[in-house]
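Asks: pasting the sequence and the predicted model now:
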Amino acid sequence: MHRSVAVLASLLFAAACASTGSAPSCNVAPAADHHQHLLSAEAAKLGGDPPLAAVDAPPEIAQLLADRAARWNDKKALEDLFTEDSVVYTHDDHNWIRGRAAVADYLGGRFARAYTVTPAAVHLDGETGYVAGYFTRPDKHFGTVQMSLRKGGDGKWRIAAESPVFPGPAVRTEYNAEQLIRNLDAAGIRRAAVLSTAYWFGSPFHKNVETELEKVRAENDWTADQAAGYPGRLIAFMSVNPLKDYALGELERCAKSGRFKGVKLHFGNSQIDLKNPQHVEELVGKDLGVFGTVGGIART
């Protein structure tokens, strides 16, 4: 069990017993097995790489993809778009389906609604090539796909192999307290500690973040605002990359605000090396003097 899991579980248990006035042996058990982050719209932008931009395919490949979209649920018509020895990977069985008729039969019944294939990369080399891209509907990309292509004796390009992945691509969106409360209610969880993702803005994984400190502060404050909307149910943990020169100031600011009950430290995201004496000195010098003021500690 992670240190953060143990700390949060003990906090939730203590809060539950305190709310009922029971002794430590009360019958209330915490319904939690991991911590939960809230995520503002600004932080969500850092949560994953955006989809690749669409590219213009050569006319013959663009026609192949257009035919694929037009025949999406016509099994017989799909057959001509695949080579005789074509294969497609299926997540249903985690295996390959081989042969034009079998591939068309599978794909012709695989999708519930019409779609297009948006190419993000196209490469042709003589009689072979590939397309990498997305399965797309008007509202979003809902899957990724790579197709190996082969040019037949009749001059037509066909799909020789196809590897789809669903769902995809992963795109993070805001996750706020209202959404969390709905999930807590559905799971029967009475209270939760919610952790800020402010440390993302100071992570070495996200380089050249503009107005970094301003965004760190805003994310911590947003988390506190979200928790404040559900007093008695949500408690807020602030966060920061402890190696940053502004870390102590942000810890003290959040501690003095009285809006936070704990600190979230993510050693991996902050690339902290406990074998590095300088990193250890930074942690001890900046953090430990403030922890007693703030309350709990969550580390991963």
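Replies: Looks like it came in fine. Numbering: from 1, shown residues only.
Asks: contacts, neighbours, all on C-alpha from now
Replies: OK.
Asks: neighbours around Phe111, how many?
Replies: Applying other CA atoms under 10 Å, we find 11 residues neighbouring Phe111.
Asks: for it, phi and psi?
Replies: For Phe111, the backbone dihedrals (degrees, to the nearest 10) come out as phi -110, psi 140.
Asks: my guess is it contacts Arg71. True?
Replies: No - Phe111 is beyond contact range of Arg71, at 11.5 Å (criterion: CA atoms under 8 Å).
Asks: so where do the helices sit in the stretch 51-200 of the chain?
Replies: Using DSSP state H, counting those that start in this stretch, the helices of the stretch 51-200 of the chain run over residues 59-70, 75-78, 100-108, 177-187.
Asks: what's the distance between His123 and Ala193?
Replies: Using CA to CA, to the nearest Å, one obtains 49 Å as the distance from His123 to Ala193.
Asks: okay, those two: which has more neighbours?
Replies: For His123 versus Ala193, the count of surrounding residues by other CA under 10 Å is larger for Ala193: 21 against 14.
Asks: bridged to the more buried one, which residues?
Replies: Here Ala193 sits in beta bridges with Ile235, as judged by DSSP bridges.
Asks: domain assignment for this structure?
Replies: Following automatic domain parsing, one gets these domains for the chain: 3-48+172-299, 59-165.
Asks: pull the distance from the last one to the chain's centre.
Replies: Distance, stretch centre to chain centre, for domain 59-165: 27 Å (CA atoms, centre = their mean, to the nearest Å).
Asks: before we move on, what about the first one?
Replies: Its chain's average C-alpha position is 18 Å from that of domain 3-48+172-299, according to CA atoms, centre = their mean.
Asks: distance of the closest residue to Thr90 other than its chain neighbours relative to Val87?
Replies: In this structure, Thr90 finds its nearest non-sequential neighbour in Trp96, 6.1 Å apart by CA to CA, 6 or more residues apart in numbering. Between Trp96 and Val87 the computed distance is 6 Å (CA to CA).
Asks: compare those two (neighbour count), which wins?
Replies: Each of Trp96 and Val87 has its neighbours counted (other CA under 10 Å); Val87 has more, 23 against 16.
Asks: residues touching that one, list them.
Replies: Val87 makes contacts with Trp96, Ile97, Arg98, Gly99, Arg100, Val103, Ala160, Ala161, Glu162, as judged by CA atoms under 8 Å, 6 or more residues apart in numbering.
Asks: show the buried residues in those.
Replies: The neighbour count (16 or more other CA atoms under 10 Å) marks Trp96, Ile97, Arg98, Gly99, Arg100, Val103, Ala160, Ala161, Glu162 as buried among these.
Asks: and of the residues you listed, the nearest to Arg253?
Replies: Proximity of these to Arg253 (CA to CA) peaks at Glu162, which lies at 53.9 Å.
Asks: poorly predicted segments of the stretch 151-300 of the chain, please.
Replies: Across the stretch 151-300 of the chain, residues meeting the criterion (pLDDT under 70) sit at 285-300.
Asks: residue ranges of the strands in this structure, please?
Replies: For the chain, the strands defined by DSSP state E occupy 36-37, 82-90, 95-98, 116-125, 128-137, 140-151, 157-165, 192-195, 234-239, 262-265, 296-299.
Asks: okay, the longest one in CSV with CA atoms only?
Replies: Output of strand 140-151 as CSV, limited to C-alpha atoms (Å, rounded to 0.1, in the frame of the first residue of the first chain):
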residue,chain,number,x,y,z
LYS,A,140,-14.8,13.2,-31.5
HIS,A,141,-12.2,10.6,-32.3
PHE,A,142,-13.3,7.4,-30.7
GLY,A,143,-10.5,5.0,-31.6
THR,A,144,-7.0,4.8,-33.2
VAL,A,145,-6.0,2.6,-36.1
GLN,A,146,-3.1,1.6,-38.2
MET,A,147,-3.6,0.1,-41.7
SER,A,148,-1.0,-1.6,-43.8
LEU,A,149,-1.7,-1.1,-47.5
ARG,A,150,-0.9,-3.0,-50.7
LYS,A,151,-1.4,-2.1,-54.3
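Asks: in that strand, what counts as buried?
Replies: Within strand 140-151, the residues scored as buried using 16+ other CA under 10 Å are His141, Phe142, Gly143, Thr144, Val145, Gln146, Met147, Ser148, Leu149, Arg150, Lys151.
Asks: measure the closest residue to Trp157 other than its chain neighbours to Ile61 for me?
Replies: Nearest residue to Trp157 in three dimensions, chain neighbours excluded: Lys151, at 4.3 Å (CA to CA, 6+ apart). Using CA to CA, Lys151 is found at 10 Å from Ile61.
Asks: spit out the residues that contact the two alike.
Replies: Common contact partners of Lys151 and Ile61 (CA under 8 Å, 6+ apart): Trp157.
Asks: before I go, just wanted to say thanks for your time.
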